[in-house]
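**Student:** Okay, sequence plus prediction incoming.
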Amino acid sequence: MSASRPPSVDALARSLSSTGLPHALLVEVARESIASGNWEVAADRAELLARSFLQPVINASGVLLHTNLGRAPLPHSGDGHAVNLEFDLATGRRGSRQAAVGGLLARLCGAEAAVVVNNNAAAVLLVVSALAEGREVLVSRGESVEIGGGFRVPEVMEQSGATLVDVGTTNRTRAEDYQRRVSDRTALILKIHPSNYRVEGFVEEATVSDLAPIGVPVVSDIGSGLVDASCPWISSGPPAWLVGEPAARQTLAAGASLVMFSTDKLFGGPQAGVIAGNAALIERCARHPLMRALRPGALVLSTLQEVALAYLRREADRTVPFWAMATAPASEIERRARALQVGRVVALESLPGAGSLPGMTVPSFGIVLDGDRSEQLRLHRPPVIARVREQQTYLDLRTVAPEDDPVVAHAVGALTP
């Protein structure tokens, strides 16, 4: 506690202006610091407050889709103009916010129609609410999962007003298991891809093509957002680490009535959820009262539009940041690591992240530093997020944009011994 006379609140607040925080916030910091009797730490308080706000960081963790870092990296820009969100420029009348982006996504997925909601959990909730309220939904016991944030399939059923009917067993569920549970109360078969875990050994599951002949609409939550298993936007074809990942186009072709997926994972866009497939079912979802609560705004839709157009131009591996970093040759990443001239260059294995492709890795390169240097790197401006293992700090360059290499080099070079 300081023994000297405290400064005025205004004077102390003005002395903190280099943080860039609004004066009103600095006044609060100054008041709190003076009230604590230790106003000398006001600068530290202000710095801590500044670091609590959303800001750009350098992801050198080696996790391509880092949930805590916003998953798929995307540029944030805008010119402040109005947009024709719900205005038809051809007729001059009110239009649909879903029509343009939904049409592009439907084309990518090989679907009749598509709509966008604010995330994939919302997509599941909307589909089950719109198509199965008061009726039954068949789900394999092995797919009655919990995803991040405690979002559980049985609880979705409860909120939607549908009844969950468990089918098969945890490790083995066949098409005949579903067939036996079908009744006149059955609305849907919900097929959920276990994207954030893997069961191995004595296992069996019914595929969409196995379930389609049953005659009940099959709704498939493919999760991670791969739109086409052939990856036509990658000149060299699908990477090995995508083998076995379900894709929207192929799932619909196999007989699913609807697919649902996230757009901030393998799609490489902003956070949103897509429902694509049968036009009549999509229309029922679009007209449900929940749709208004779950629909995204202009920023998300316009960003999704740009990403979808990049796919259709077959340039996503160059212009969509996620695919650019995911498909970069390991040899090029090694060259970048050596060019930094800091730390020791090592071969690494990057992770897809965000509950996608459990157990799969992508060959990479980066640098390793002795000791845990993660805190010092986080204090750099902009912060650099690294990975620590066994008292070694690893910076994986696959998840760092090439233009940020000088920032990483500066952050490492500025470390104190």
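**Tutor:** Thanks, I have it.
**Student:** what ranges of the stretch 101-250 of the chain fall below the confidence cut-off?
**Tutor:** Applying pLDDT under 70 to the stretch 101-250 of the chain picks out residues 147-151, 195-202.
**Student:** just the helices in it please.
**Tutor:** In the stretch 101-250 of the chain, helices defined by DSSP state H, counting those that start in this stretch lie at 120-132, 153-160, 175-181, 208-211, 248-253, listed in chain order.
**Student:** and what of the stretch 251-400 of the chain?
**Tutor:** Applying DSSP H, counting those that start in this stretch to the stretch 251-400 of the chain gives helices spanning 279-287, 290-294, 298-312, 316-319, 321-326, 330-340, 374-378.
**Student:** show me the contacts for Pro352.
**Tutor:** Contacts for Pro352 were tallied using CB atoms under 8 Å, 6 or more residues apart in numbering; they are 63-65, 241, 266, 326, 360, 362. Glycine gets a C-beta too; all of them are placed from N, C-alpha and C.
**Student:** In strands, which of the residues you listed appear?
**Tutor:** Per DSSP state E, strands hold the following members of the contacts of Pro352: Val362.
**Student:** Could you dump the contacts of Pro352 into TSV with distance to Leu104 added?
**Tutor:** Shown next, in TSV, are those (distance: CB to CB, whole Å):
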residue	distance to Leu104
Val63	28
Leu64	24
Leu65	22
Trp241	26
Leu266	17
Ala326	21
Met360	28
Val362	28
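**Student:** Show me the chain divided up by domain.
**Tutor:** Recorded structural domains for the chain (assignment: automatic domain parsing) are 9-51, 58-74+328-413, 99-316.
**Student:** Please report phi then psi for the closest residue in space to Val57 that isn't next to it in sequence.
**Tutor:** Nearest-residue entry for Val57: Pro383, 4.5 Å, with adjacent residues in sequence omitted and distances by CB to CB, 6 or more residues apart in numbering. The phi/psi pair for Pro383 (degrees, to the nearest 10) reads phi -60, psi 140.
**Student:** circling back to that earlier point, most packed of the helices of the stretch 251-400 of the chain?
**Tutor:** For the helices of the stretch 251-400 of the chain, ranked by mean neighbour count under the definition mean count of other CB atoms under 10 Å, the leader is helix 321-326 at a mean of 21.
**Student:** Buried residues, stretch 50-70. List them.
**Tutor:** For stretch 50-70, burial by neighbour count (16 or more other CB atoms under 10 Å) applies to 50, 57-66, 69-70.
**Student:** ok, now which ones touch the nearest residue to Asp405 once chain neighbours are set aside?
**Tutor:** Nearest non-adjacent residue to Asp405, counting by CB to CB, 6+ apart: Arg336, 5.7 Å away. Neighbouring residues of Arg336 by CB under 8 Å, 6+ apart: 365, 397, 402, 405.
**Student:** Can you show me the strands along the stretch 1-150 of the chain?
**Tutor:** Using DSSP state E, counting those that start in this stretch, the strands found in the stretch 1-150 of the chain span residues 58-59, 113-117, 136-140, 146-147.
**Student:** which residues sit in contact with the spatially closest residue to Gly215 that is not a sequence neighbour?
**Tutor:** Excluding the flanking residues, the one nearest Gly215 by CB to CB, 6+ apart is Val182, at 7.8 Å. Residues near Val182 by CB under 8 Å, 6+ apart: 138, 214-216.
**Student:** and with 10 Å instead?
**Tutor:** Contacts for Val182 (CB atoms under 10 Å, 6 or more residues apart in numbering) come out as 136, 138, 165, 167, 189, 214-216.
**Student:** just to revisit the earlier point, out of the contacts of Arg336, which is most surrounded?
**Tutor:** The most neighbours of any of these, using other CB atoms under 10 Å, belong to Leu397, which has 29 neighbours.
**Student:** give the contact list for that residue.
**Tutor:** With CB under 10 Å, 6+ apart, Leu397 has these contacts: 60, 62, 325, 328, 332-337, 339-340, 345, 348, 350, 364-367, 404-405, 408.
**Student:** Roughly how far does it sit from Arg107?
**Tutor:** For Leu397, the distance to Arg107 equals 35 Å [CB to CB, to the nearest Å].
**Student:** sorry, back to before: show me which of the contacts of Val182 is closest to Gly371.
**Tutor:** Among the contacts of Val182, Val167 lies closest to Gly371 (CB to CB), at 51.9 Å.
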